[in-house]
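A.B. asks: Kindly return the folded structure for what I paste below:
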Amino acid sequence: MAKQAVIAEEDAYPTSPAPAAGQAGSQQKSGAADVGSTYRSGFGEELPAAVYQSILLGFACMLAVAWLAFGGATSTDLDLGVVTVLCLIFLMLPVLMHRLAAARAETRQPDLKGFLSAGFETATGRLPAREAWLQVALIPVALAIAAALIGGVYTWLG
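C.D. replies: Below you'll find the model as predicted:
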(Lines give C-alpha, C1' and ligand atoms only; values in the text may rest on other atoms or scores of the structure.)
Protein backbone atom coordinates (compact mmCIF):
# COMPACT_ATOMS: atom_id res chain seq x y z
CA MET A 1 0.00 0.00 0.00
CA ALA A 2 2.85 2.39 0.80
CA LYS A 3 4.38 1.64 -2.59
CA GLN A 4 1.13 2.64 -4.31
CA ALA A 5 1.13 5.96 -2.44
CA VAL A 6 4.69 6.68 -3.58
CA ILE A 7 3.82 5.84 -7.18
CA ALA A 8 0.71 8.05 -7.04
CA GLU A 9 2.79 10.91 -5.63
CA GLU A 10 5.38 10.51 -8.40
CA ASP A 11 2.61 10.64 -11.01
CA ALA A 12 1.19 13.81 -9.44
CA TYR A 13 4.56 15.58 -9.57
CA PRO A 14 6.38 14.46 -12.71
CA THR A 15 10.07 15.12 -12.81
CA SER A 16 12.08 15.95 -15.88
CA PRO A 17 15.32 14.16 -16.62
CA ALA A 18 18.51 15.89 -15.58
CA PRO A 19 20.23 17.86 -18.36
CA ALA A 20 23.44 16.63 -19.87
CA ALA A 21 26.66 18.28 -18.72
CA GLY A 22 26.91 20.56 -21.77
CA GLN A 23 23.26 21.61 -21.58
CA ALA A 24 23.16 22.71 -17.94
CA GLY A 25 24.01 26.36 -18.63
CA SER A 26 21.59 26.75 -21.51
CA GLN A 27 18.73 25.21 -19.55
CA GLN A 28 19.28 27.52 -16.60
CA LYS A 29 19.11 30.60 -18.81
CA SER A 30 15.87 29.61 -20.49
CA GLY A 31 13.85 29.11 -17.28
CA ALA A 32 10.27 30.33 -16.99
CA ALA A 33 10.79 33.34 -19.25
CA ASP A 34 10.55 31.19 -22.40
CA VAL A 35 6.90 30.27 -21.86
CA GLY A 36 5.53 33.81 -21.90
CA SER A 37 6.08 34.43 -18.21
CA THR A 38 6.52 37.91 -16.78
CA TYR A 39 8.65 36.54 -13.95
CA ARG A 40 12.02 38.27 -13.73
CA SER A 41 14.87 37.48 -11.43
CA GLY A 42 16.17 41.01 -10.76
CA PHE A 43 15.54 42.65 -7.40
CA GLY A 44 12.91 45.36 -7.69
CA GLU A 45 12.14 44.79 -11.38
CA GLU A 46 9.00 42.77 -10.90
CA LEU A 47 6.72 45.34 -9.24
CA PRO A 48 6.13 49.03 -9.97
CA ALA A 49 7.49 51.66 -7.62
CA ALA A 50 4.00 52.39 -6.20
CA VAL A 51 3.89 48.92 -4.61
CA TYR A 52 7.19 49.49 -2.84
CA GLN A 53 6.08 52.97 -1.80
CA SER A 54 2.94 51.52 -0.20
CA ILE A 55 5.12 49.21 1.89
CA LEU A 56 7.29 52.11 3.04
CA LEU A 57 4.17 54.17 3.78
CA GLY A 58 2.78 51.41 6.00
CA PHE A 59 5.95 51.25 8.06
CA ALA A 60 6.18 55.07 8.23
CA CYS A 61 2.61 55.23 9.55
CA MET A 62 3.46 52.61 12.16
CA LEU A 63 6.44 54.68 13.36
CA ALA A 64 4.41 57.89 13.39
CA VAL A 65 1.68 56.29 15.49
CA ALA A 66 4.29 54.91 17.89
CA TRP A 67 5.79 58.38 18.33
CA LEU A 68 2.39 60.04 18.75
CA ALA A 69 1.11 57.48 21.24
CA PHE A 70 4.22 56.72 23.27
CA GLY A 71 6.45 59.75 22.70
CA GLY A 72 4.89 61.86 25.46
CA ALA A 73 6.80 60.18 28.27
CA THR A 74 10.45 61.14 28.58
CA SER A 75 11.36 57.57 29.52
CA THR A 76 10.33 56.26 26.08
CA ASP A 77 12.08 58.85 23.91
CA LEU A 78 15.37 56.95 23.82
CA ASP A 79 13.60 53.67 23.07
CA LEU A 80 11.59 55.23 20.25
CA GLY A 81 14.70 56.90 18.87
CA VAL A 82 16.56 53.60 18.71
CA VAL A 83 13.57 51.89 17.10
CA THR A 84 13.29 54.69 14.54
CA VAL A 85 16.97 54.48 13.61
CA LEU A 86 16.79 50.68 13.27
CA CYS A 87 13.64 50.90 11.15
CA LEU A 88 15.24 53.49 8.89
CA ILE A 89 18.27 51.27 8.42
CA PHE A 90 16.17 48.17 7.70
CA LEU A 91 13.93 50.06 5.29
CA MET A 92 16.69 51.96 3.52
CA LEU A 93 18.71 48.85 2.70
CA PRO A 94 16.03 47.49 0.31
CA VAL A 95 15.57 50.98 -1.15
CA LEU A 96 19.29 51.25 -1.88
CA MET A 97 19.36 47.72 -3.33
CA HIS A 98 16.40 48.58 -5.55
CA ARG A 99 18.02 51.76 -6.83
CA LEU A 100 21.28 49.98 -7.58
CA ALA A 101 19.47 47.13 -9.34
CA ALA A 102 17.30 49.55 -11.34
CA ALA A 103 20.37 51.45 -12.53
CA ARG A 104 21.91 48.24 -13.88
CA ALA A 105 18.72 46.48 -15.03
CA GLU A 106 18.39 45.34 -18.62
CA THR A 107 14.63 45.93 -18.61
CA ARG A 108 12.66 48.82 -17.20
CA GLN A 109 10.46 48.50 -14.17
CA PRO A 110 6.78 48.12 -15.14
CA ASP A 111 4.56 51.17 -14.86
CA LEU A 112 1.53 51.01 -12.59
CA LYS A 113 -1.06 51.00 -15.38
CA GLY A 114 0.66 48.16 -17.23
CA PHE A 115 1.09 46.21 -13.99
CA LEU A 116 -2.58 46.51 -13.07
CA SER A 117 -3.74 45.39 -16.50
CA ALA A 118 -1.25 42.55 -17.01
CA GLY A 119 -1.35 40.69 -13.72
CA PHE A 120 1.60 39.15 -11.93
CA GLU A 121 3.34 35.83 -12.42
CA THR A 122 4.35 33.97 -9.26
CA ALA A 123 6.07 30.66 -8.75
CA THR A 124 2.67 29.00 -8.17
CA GLY A 125 0.73 30.68 -10.97
CA ARG A 126 -0.65 33.95 -12.25
CA LEU A 127 -2.37 36.41 -9.91
CA PRO A 128 -4.39 39.52 -10.64
CA ALA A 129 -2.16 42.52 -9.97
CA ARG A 130 -4.41 43.94 -7.26
CA GLU A 131 -4.28 40.65 -5.37
CA ALA A 132 -0.48 40.50 -5.63
CA TRP A 133 -0.26 44.09 -4.38
CA LEU A 134 -2.57 43.24 -1.47
CA GLN A 135 -0.41 40.26 -0.51
CA VAL A 136 2.74 42.38 -0.55
CA ALA A 137 1.26 45.31 1.38
CA LEU A 138 -0.83 43.29 3.83
CA ILE A 139 1.78 42.98 6.59
CA PRO A 140 2.90 46.66 6.69
CA VAL A 141 -0.70 47.90 6.55
CA ALA A 142 -1.81 45.42 9.22
CA LEU A 143 1.08 46.50 11.44
CA ALA A 144 0.14 50.17 10.98
CA ILE A 145 -3.49 49.45 11.89
CA ALA A 146 -2.42 47.38 14.90
CA ALA A 147 -0.09 50.16 16.05
CA ALA A 148 -2.93 52.67 15.74
CA LEU A 149 -5.26 50.44 17.78
CA ILE A 150 -2.65 49.73 20.45
CA GLY A 151 -1.70 53.42 20.62
CA GLY A 152 -5.36 54.41 20.84
CA VAL A 153 -6.00 52.01 23.71
CA TYR A 154 -2.83 53.16 25.47
CA THR A 155 -3.72 56.84 25.28
CA TRP A 156 -7.38 56.17 26.17
CA LEU A 157 -6.48 54.16 29.29
CA GLY A 158 -3.46 56.24 30.24
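A.B. asks: the strands in the protein, which residues?
C.D. replies: 120-122, 125-127 (DSSP state E).
A.B. asks: buried residues in the first one?
C.D. replies: It stands for strand 120-122. 120-121 (16 or more other C-beta atoms under 10 Å). Where you see a C-beta, it was placed from the backbone N, CA and C, and this is true even at glycine.
A.B. asks: in its sheet, what does that strand sit against?
C.D. replies: strand 125-127 (antiparallel) (DSSP bridges).
A.B. asks: for the closest residue to A69 other than its chain neighbours, what are its contacts?
C.D. replies: For A69, ignoring the flanking residues on the chain, the nearest one in space by C-beta to C-beta, 6 or more residues apart in numbering is G151 at 2.9 Å. Going by C-beta atoms under 8 Å, 6 or more residues apart in numbering, G151 touches 65-66, 68-70.
A.B. asks: mean pLDDT lowest for which of the strands of the chain?
C.D. replies: Among those, strand 120-122 carries the lowest mean pLDDT, at a mean of 83.
A.B. asks: That strand: how far from the chain's middle?
C.D. replies: 12 Å (C-alpha atoms, centre = their mean, to the nearest Å).
A.B. asks: now do stretch 147-156
C.D. replies: Between the centre of stretch 147-156 and the centre of its chain there are 27 Å (C-alpha atoms, centre = their mean).
A.B. asks: Quick check: buried residues in that stretch?
C.D. replies: Buried, per 16+ other C-beta under 10 Å, within stretch 147-156: 147-148, 151.
A.B. asks: Reformat those as JSON lines; add distance to A60 and pLDDT.
C.D. replies: Shown next, in JSON lines, are the buried residues of stretch 147-156 (distance: C-beta to C-beta, whole Å; pLDDT from 0 to 100):
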{"residue": "A147", "distance to A60": "11", "pLDDT": "91"}
{"residue": "A148", "distance to A60": "13", "pLDDT": "92"}
{"residue": "G151", "distance to A60": "15", "pLDDT": "89"}
